[in-house]
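*Asks:* Could you work out the structure for the sequence below:
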Amino acid sequence: MTSSPPMAPAHHPVPRVRQRAAAIVRREDGRVLLHRLQRDAFWALPGGGIEPGESAAQAITRELQEELNIVVALEDLAFVVENFFNYAGVAYHEIGLYLHARPLPGSLLDVSAGPYEGVEGDQKLVFAWFDCEQLAGLDLRPAFLRSALIRETAGVQHIVHRDAP
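*Replies:* Alright, predicted model coming up:
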């Protein structure tokens, strides 16, 4: 009796785990603020990595101050998101805390229609307002946001999102 050689295990890169906080900033008219790196084609909610010892609210406040020099009024937690995706050839497992937010009265986001220029290190960011009807046609990541931002839901939702391979 002959046996086959053992099959080599499939190689799956271990994803980088990161924590992210994001703001769902809405104007009174229902438009939502999104941003993207100027070089990227896709949009996302503004926010960024949570530093050690930092709360999600503190991370959002710091990121928006660094990127756009603004402050928003942070509100309740909307989503806890387990997001599995690839970016620039790297696999990620991102744990995200997404908070509702609104522009402060009289602030740039409240009085100007945008778009706004921001910075991420040495890279340019673009911030812009979008109507809910526009979301379906956007490359918005994670993709579940295209429908989730249209629905007004009470309480916190837990989302597990995996980009298509």
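
*Asks:* tell me which element residue 127 is part of?
*Replies:* Taking DSSP states H and E as the criterion, residue 127 maps to strand 123-130.

*Asks:* Show the average pLDDT along that strand.
*Replies:* Mean per-residue pLDDT for strand 123-130: 96.

*Asks:* Listing partners with orientation, what would you give for it?
*Replies:* According to DSSP bridges, strand 123-130 forms sheet pairs with strand 32-37 (antiparallel), strand 116-120 (antiparallel).

*Asks:* got a list of what the residue sitting nearest the centre point of the chain touches?
*Replies:* Most central in the chain under Cα atoms, centre = their mean is residue 45, positioned 3.9 Å from the mean C-alpha point. Each residue near residue 45 by Cβ atoms under 8 Å, 6 or more residues apart in numbering is listed here: 22, 23, 24, 25, 32, 33, 34, 35, 98, 145. In short, each C-beta sits where N, CA and C put it, glycine included.

*Asks:* any idea whether residue 151 is helix, strand or coil?
*Replies:* Here residue 151 is recorded as coil under DSSP: H, G, I helix; E, B strand; the rest coil.

*Asks:* residues near it, how many?
*Replies:* By other Cβ atoms under 10 Å, the residues close to residue 151 number 8.

*Asks:* Repeat that for residue 63.
*Replies:* 22.

*Asks:* Show the contacting residues for it.
*Replies:* By Cβ under 8 Å, 6+ apart, the residues touching residue 63 are 21, 46, 47, 48.

*Asks:* swap in residue 75?
*Replies:* By Cβ under 8 Å, 6+ apart, the neighbours of residue 75 are 99, 100, 101, 102.

*Asks:* While we're on it, how confident is the model there?
*Replies:* Confidence score, pLDDT, at residue 75: 96.

*Asks:* Tell me the buried residues in stretch 145-163?
*Replies:* For stretch 145-163, burial by neighbour count (16 or more other Cβ atoms under 10 Å) applies to 145, 146, 148, 149, 159, 161.

*Asks:* In helices, which of those residues fall?
*Replies:* The helices in this structure, assigned by DSSP state H, contain 145, 146, 148 from the buried residues of stretch 145-163.

*Asks:* Please consider this matter closed, and thank you.
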